[in-house]
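**Student:** Got a sequence here, can you model it:
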Amino acid sequence: MNPDDKSLFLDAMEDVQPLKRCSSDICWQPSRNTRTVQRIDMLQLDNFLTTGFLDVLPLGEPLTFKREGLQTGVLDKLRQGKYSQQASLNLLGKPVEHCRQSLFAFIHQARQDGLRNILIIHGKGRDDRSHANIIRSYLARWLTEFEDVQAFCAALPHHGGSGACYVALKKSAEAKQENWERHAKRSR
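**Tutor:** Take a look at the predicted model:
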């Protein structure tokens, strides 16, 4: 360090006070980073729902899907609202990514709870490019990506009409066993 640099440094440090000596040689400063550590949602790491290219469904086309092997009567009863809704998910006005995460977590929780019939409210749009119709179109694709979804269709007017859909999920192994036992006792 040349003499000019040393004098500049001493001038800059003129009003600096030395730190008081701690009991040890280490003094910890309070953390200046007040941001909370973001937790990783382990469930969302397994989220297989895609948000890539989307074929937007026309508003006039009703939401409907039936997995191969499902009886037609089950879909008819679903359309008529004869199955009670055990849970519902409201996606009104939510961003696409939030809808994707919410739907994945909701279906996962419904399966864990052994639910069979759920209602998903996605909203109605005035034109094909409205946000509600985009969510509706994604929902039609996402629901078919779940192996546990047996069928879905538009809801009745008192449950939201074309702005909502009924979803039938697969029966859990416990429910199948219980149903088998109940019907086996009657046949004896």
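**Student:** in the host helix or strand of Arg141, what counts as buried?
**Tutor:** Arg141 is part of helix 131-145, with elements assigned from DSSP states H and E. Within helix 131-145, the residues that count as buried by 16 or more other CB atoms under 10 Å are 132-140, 142-143. C-beta coordinates here come from the backbone N, C-alpha and C atoms, glycine included.
**Student:** likewise stretch 93-110?
**Tutor:** Applying 16+ other CB under 10 Å to stretch 93-110 flags 94, 99-101, 103-104, 106-107, 110 as buried.
**Student:** export those to a markdown table and tack on distance to Met13 and pLDDT?
**Tutor:** Shown next, in a markdown table, are these (distance: CB to CB, whole Å; pLDDT from 0 to 100):
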| residue | distance to Met13 | pLDDT |
| --- | --- | --- |
| Lys94 | 55 | 94 |
| Cys99 | 57 | 93 |
| Arg100 | 56 | 92 |
| Gln101 | 53 | 92 |
| Leu103 | 60 | 94 |
| Phe104 | 57 | 93 |
| Phe106 | 61 | 94 |
| Ile107 | 63 | 94 |
| Ala110 | 66 | 93 |
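**Student:** ranges for the helices of the chain?
**Tutor:** Assigned by DSSP state H, the helices in the chain fall at 3-12, 42-45, 72-79, 96-112, 131-145, 173-187.
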